[in-house]
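Chemist: Here's a sequence, model it:
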Amino acid sequence: MKHRMNTYRSTKSGSVLLMVLAVASAVAIIAFSLLGTTSTASRIAEQHVARLQAESAAEALLEYGVAQLADQLESKTSFTENELQPGKSPLVIPDSATEFFAGSNVKMDSLELRAGVLPSGDWEYISPIDLLYEYDELAGKIVFSREVELYSKATVQSDLGRDVTVYLTETFVVRDAPLFTNAIFYNSDLVFNPGYDTDVVGPTHTNGNLSVEVNSGYDLSFYGKVTVVGDLTRANSSGGGGGIYFSSSFDPMTLAAMGSGSSTLDSSSSNWLEAATDRWNGFVQDSAMEVETQNVVAFNDYTPDDPNTPANERDNSAYALIEPLLPADHADRKSDSVRNQKMEYKAGLIIKLEPGGVLKGYAPVRENAAVASSAPTVDSDGNIQYTEVKLPADIIGDPDPTFSSIEASQPEYYSTEETTVAESYTYTTGRGRDRETHTGYTYTTTTTVASGLYDHRENRAVDTVALDVERLKHYIEAKDNSSTGFDGTFDVEKQWNGVVYVEFPTSLSTTDGVYDYGTSTNNYNVVAAVDSDTSGTEMALMIIDAKEVPEPTGVVEEGFTLASNAPTYLVGSFNADGVPHANDSTEPDDSSEPPAAILVDSLTLLSDNWESNRANTLVDGRSEIQEDRPASSYIEVAAAIVTGTPNDLPSGASYPTTDASRPYSLGVINLPRFLEYWGSSRTVTIRGSLVSLFESEVRPDGAPTNFNDYYVPPTRDWGYSTLFSEGRFPPGTPVIRNYRRLNFSSITKSEYEAAIEDLDKL
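Modeler: Numbers count the residues shown, from 1 in each chain. Got it, this is the predicted structure:
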């Protein structure tokens, strides 16, 4: 009996799938060649060769079945038990099999390939100490697992005229791992360059390269598995820098150094594969260990643009996760599989900014009106059907000066005011009788921001729409359908599913009183200004009053997820009390803390005293921001953060698609952005998961070379939430699909026929 315990990378097209048949069945060619070299005088040898041929043919069918099954499931988000049975989406033997087996003794009419049932599945923990999963990329994570049995049959006629039939089976495991099983996940190159001691607790994965460095005298330590699809390199391998350490076992205190200078061990080392495996025991893996790309279900691989070619090669497909749903006739409308993954599709409450600064709420009509987790209904064009929700007046709109309530249900448009201060002066000239006293006034005019804000990273004025999470929590938890609440338009127990999506316009053109959607050839993906008086501004979402998030009783799923296609600013703490406690980067404030997530184009963290700092957002220069825009509070964010980041722009790039004067990504330590002077005396705690899933499309540029003239970072206390490591995830969490093959073996004719008979009864 053979045993296979390997992961399987799905293919992207039918033509590639057919190649799998040829490549995976090389053993069959060898077996067939035996026919011409084996003595025909030996009946035993003849039968043995025929069996080898039959086994190879049946195994080739299983190989193709695995590839075809992976391709079918790659874009599906829901399954039925009989999904793979005749009349549904069964596995099909390709026409190319006839050509492939031509000239052999394989009887084509004998070939059979079947898949079993797709069970509902179960959550399971992939044990890191089980040798079966020693080099499994999902070891130490919680996954939702489904096991599908595959069956194949092949008959070969020997030269003696006797038929030899082989029956095989294999278990194909479909594993969905929530995106937030990672402490850090990057779809692009991951750069880690902290200035001070930094511990990374939990798994880290990048679909690109990983570059690490830390200032001299400090340590960067990874307490968890690190998987890199590209290469792992030390940025300053020539020497200098601090200590870099990776786990070498699941004992959290066991670390092994990366080394420095000539002793650096990274992907460029000549003995990398053997030495890395020996030093870190599989806890550090890169392309040499065949680490596979991990994508959210239904999304293509991310491809960055090459700034040294005139063509734009970028494929930023994961950005569709936060894009609005497009109508049926739109040129950029995504496939149903991708649409089903969008946060707007998953949302139970949608808030749209419409012409005239009007904010309206909508809820999808569900197939089962009493169950918020049931699928939304669609019209004949496949567009989701919605009912309008009357929003309470103080949920979203123009924030008051203290950013603690909503003043009006409309955007806050950017404006400035000038203040002139007169200072008297007195001075004398001359002596004696020539002495004269001079008096007068000098006038200093200062321009401050009166509404909206100015973002110095972007050098752009910003109109804002503020979401008051505390007031949303009040109405949701009270299930308030009164005239001052949702006015009979939203039944929390039947319609709330924990996901809120705020949609901003992607075009300023209108038809029938609603915004049209832009296209990828003009300003699609650009969240535009919505009033003609503030040319050059853009719209953004502001989250205020968010220390507590909605936690209604009697609903389908715990937790809160907020998503938007807009750049977003968070004022103060989120889903946390803002009071430091022991292990606060990993441990919740208390046992009642719900899992939460924020998914937006870009995220900027602002201090609790933003109410005074906002006026000085035009101020530039390090000493000036220290005096006029200081962050004077500790803030705490208990949420997974999914957002976009630019890539570093190489010096001298010939064809940059972004602003060449803003070349820096600033790495994962600046994935959430800042606009204030924090300094080492102030701390920002993030308890969650940090995910860079796409390049920002509204804020595509990097940071300027003088970035410390507009912000100075805080002490970063960032960790992986124990809620996620325990398997408690926010509603709507994207998942990554992974495949594994187990228990390849021969079975008897009676076992095969019994299995097929059971399948035919479905």
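Chemist: and the residue of the chain most remote from its centre, helix, strand or coil?
Modeler: Distance from the centre of the chain peaks at R433, with 81.0 Å (C-alpha atoms, centre = their mean). Following DSSP: H, G, I helix; E, B strand; the rest coil, the label given to R433 is helix.
Chemist: In terms of pLDDT, where does it sit?
Modeler: pLDDT for R433: 79.
Chemist: ok, now how distant is it from P86?
Modeler: According to C-beta to C-beta, to the nearest Å, R433 and P86 sit 118 Å apart. For glycine as for every other residue, the C-beta is placed from the backbone atoms N, C-alpha and C.
Chemist: can you give me the helices for this protein?
Modeler: Secondary structure of the chain (DSSP state H): helices at 14-24, 26-37, 43-73, 96-100, 272-280, 336-339, 343-346, 469-478, 492-495, 610-613, 622-628, 722-725, 749-760.
Chemist: where does this protein have low pLDDT?
Modeler: Low-confidence segments of the chain (pLDDT under 70): 1-43, 75-78, 237, 252, 522-525, 528-536.
Chemist: Please report how far the nearest residue to T437 once chain neighbours are set aside lies from R741.
Modeler: Once flanking residues are discounted, T437 sits nearest to T428: 5.2 Å by C-beta to C-beta, 6 or more residues apart in numbering. When distance is defined by C-beta to C-beta, T428 is 95 Å away from R741.
Chemist: So for those two, which residue has more residues nearby?
Modeler: R741 (19 against 9; other C-beta atoms under 10 Å).
Chemist: By neighbour count, which bits of stretch 616-635 are buried? Give me those.
Modeler: In terms of neighbour count (16 or more other C-beta atoms under 10 Å), stretch 616-635 has its buried residues at N616, T617, L618, V619, I625, D628, R629, P630, A631, S633, Y634, I635.
Chemist: Now the two most distant members of these.
Modeler: Taking C-beta to C-beta as the measure, the buried residues of stretch 616-635 span a maximum distance of 26.0 Å, between L618 and Y634.
Chemist: Send me stretch 551-564 as CSV with only the CA atoms.
Modeler: Presented in CSV, the C-alpha positions along stretch 551-564 are these (Å, rounded to 0.1, in the frame of the first residue of the first chain):
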residue,chain,number,x,y,z
GLU,A,551,-22.8,42.7,20.1
PRO,A,552,-26.6,41.9,19.7
THR,A,553,-28.1,38.8,21.2
GLY,A,554,-29.9,36.2,19.2
VAL,A,555,-28.0,36.6,15.9
VAL,A,556,-26.2,34.1,13.6
GLU,A,557,-22.6,35.0,14.3
GLU,A,558,-20.6,36.9,16.9
GLY,A,559,-18.3,39.7,16.1
PHE,A,560,-18.2,42.8,13.9
THR,A,561,-16.6,43.5,10.5
LEU,A,562,-16.4,46.9,8.9
ALA,A,563,-15.4,47.2,5.3
SER,A,564,-15.2,50.0,2.7
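Chemist: can you give me the strands in the stretch 601-750 of the chain?
Modeler: With DSSP state E, counting those that start in this stretch as the criterion, the stretch 601-750 of the chain has strands at 602-606, 635-637, 640-644, 673-674, 677-694, 712-720, 735-747.
Chemist: which helices and strands sit right next to the fourth one?
Modeler: Think strand 673-674. With contacts taken as 3 or more C-beta pairs under 8 Å, 6 or more residues apart in numbering; DSSP states H and E, strand 673-674 sits against strand 602-606, strand 712-720.
Chemist: Please identify which of those is closest to P324.
Modeler: Closest approach to P324 among these is made by strand 602-606 (16.9 Å; C-beta to C-beta).
Chemist: what's the angle from that closest one to strand 677-694?
Modeler: Between strand 602-606 and strand 677-694, the angle comes out at 160 degrees (axes from the mean of the first three to the mean of the last three C-alpha atoms, to 10 degrees).
Chemist: Strand 602-606 pairs with which strands, and in what direction?
Modeler: strand 567-571 (parallel), strand 673-674 (parallel) (DSSP bridges).
Chemist: Dump the ones you listed to CSV, plus distance to T169 and mean neighbour count.
Modeler: Formatted as CSV, the strands paired with strand 602-606 follow (distance: least, C-beta to C-beta, whole Å; neighbours: other C-beta atoms under 10 Å):
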stretch, distance to T169, mean neighbour count
strand 567-571, 50, 25
strand 673-674, 53, 22
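Chemist: Dump the ones you listed to CSV, plus distance to R175.
Modeler: Shown next, in CSV, are the strands paired with strand 602-606 (distance: least, C-beta to C-beta, whole Å):
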stretch, distance to R175
strand 567-571, 32
strand 673-674, 34
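Chemist: for the ones you listed, which one sits closest to D189?
Modeler: Between these, strand 673-674 lies closest to D189; by C-beta to C-beta that is 18.2 Å.
Chemist: how about the strands in the stretch 51-200 of the chain?
Modeler: Remark: strands assigned in the stretch 51-200 of the chain by DSSP E, counting those that start in this stretch are 112-115, 122-125, 142-157, 163-178, 184-186, 190-192, 198-201.
Chemist: actually the stretch 201-350 of the chain, sorry about that
Modeler: Under DSSP E, counting those that start in this stretch, the stretch 201-350 of the chain gives strands at 204-206, 210-212, 219-223, 226-228, 232-234, 243-247, 255-257, 284-285, 349-354.
Chemist: Return the most buried member of those strands.
Modeler: Neighbour counts (mean count of other C-beta atoms under 10 Å) averaged over each of these peak at strand 204-206, with a mean of 27.
Chemist: Which strands or helices does it pack on?
Modeler: Checking 3+ C-beta pairs under 8 Å, 6+ apart, strand 204-206 ends up next to strand 184-186, strand 226-228.
Chemist: quick one: strands adjacent to that strand?
Modeler: Here strand 204-206 has these sheet partners by DSSP bridges: strand 184-186 (parallel), strand 226-228 (parallel).
Chemist: Distance from the first one to the middle of the chain?
Modeler: Pointing back at strand 184-186 there. For strand 184-186, the distance from its own C-alpha centre to the chain's C-alpha centre is 8 Å (C-alpha atoms, centre = their mean, to the nearest Å).
Chemist: Other residues contacting it?
Modeler: When contacts are defined by C-beta atoms under 8 Å, 6 or more residues apart in numbering, strand 184-186 is touched by residues 179, 190, 200, 202-208, 294, 668, 689-693.
Chemist: Ok, the last one next?
Modeler: Contacts with strand 226-228, where a contact means C-beta under 8 Å, 6+ apart, come from 137, 190, 203-206, 208-210, 232, 246-247, 267, 283-287, 291.
Chemist: Go again with 7 Å.
Modeler: Identification of contacts with strand 226-228 by C-beta atoms under 7 Å, 6 or more residues apart in numbering yields E137, T204, H205, T206, N209, L210, F246, F283, V284, Q285, D286, V291.
Chemist: Can I get stretch 650-666 as PDB, trimmed to CA atoms?
Modeler: Taking Å, rounded to 0.1, in the frame of the first residue of the first chain, the C-alpha atoms of stretch 650-666 are listed here in PDB:
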ATOM      1  CA  PRO A 650      13.300  51.200  -7.000                       C
ATOM      2  CA  SER A 651      15.600  54.100  -7.500                       C
ATOM      3  CA  GLY A 652      15.800  55.200 -11.100                       C
ATOM      4  CA  ALA A 653      12.700  53.300 -12.200                       C
ATOM      5  CA  SER A 654      12.100  54.000 -15.900                       C
ATOM      6  CA  TYR A 655       8.300  53.700 -15.900                       C
ATOM      7  CA  PRO A 656       6.900  54.300 -12.400                       C
ATOM      8  CA  THR A 657       3.100  54.000 -12.200                       C
ATOM      9  CA  THR A 658       3.200  55.900  -8.900                       C
ATOM     10  CA  ASP A 659       4.700  59.200  -7.700                       C
ATOM     11  CA  ALA A 660       8.400  58.800  -7.900                       C
ATOM     12  CA  SER A 661       8.900  61.400  -5.100                       C
ATOM     13  CA  ARG A 662       7.100  59.000  -2.800                       C
ATOM     14  CA  PRO A 663       9.100  55.800  -3.100                       C
ATOM     15  CA  TYR A 664       8.700  54.100   0.200                       C
ATOM     16  CA  SER A 665       6.400  51.400   1.500                       C
ATOM     17  CA  LEU A 666       8.000  51.700   4.900                       C
END
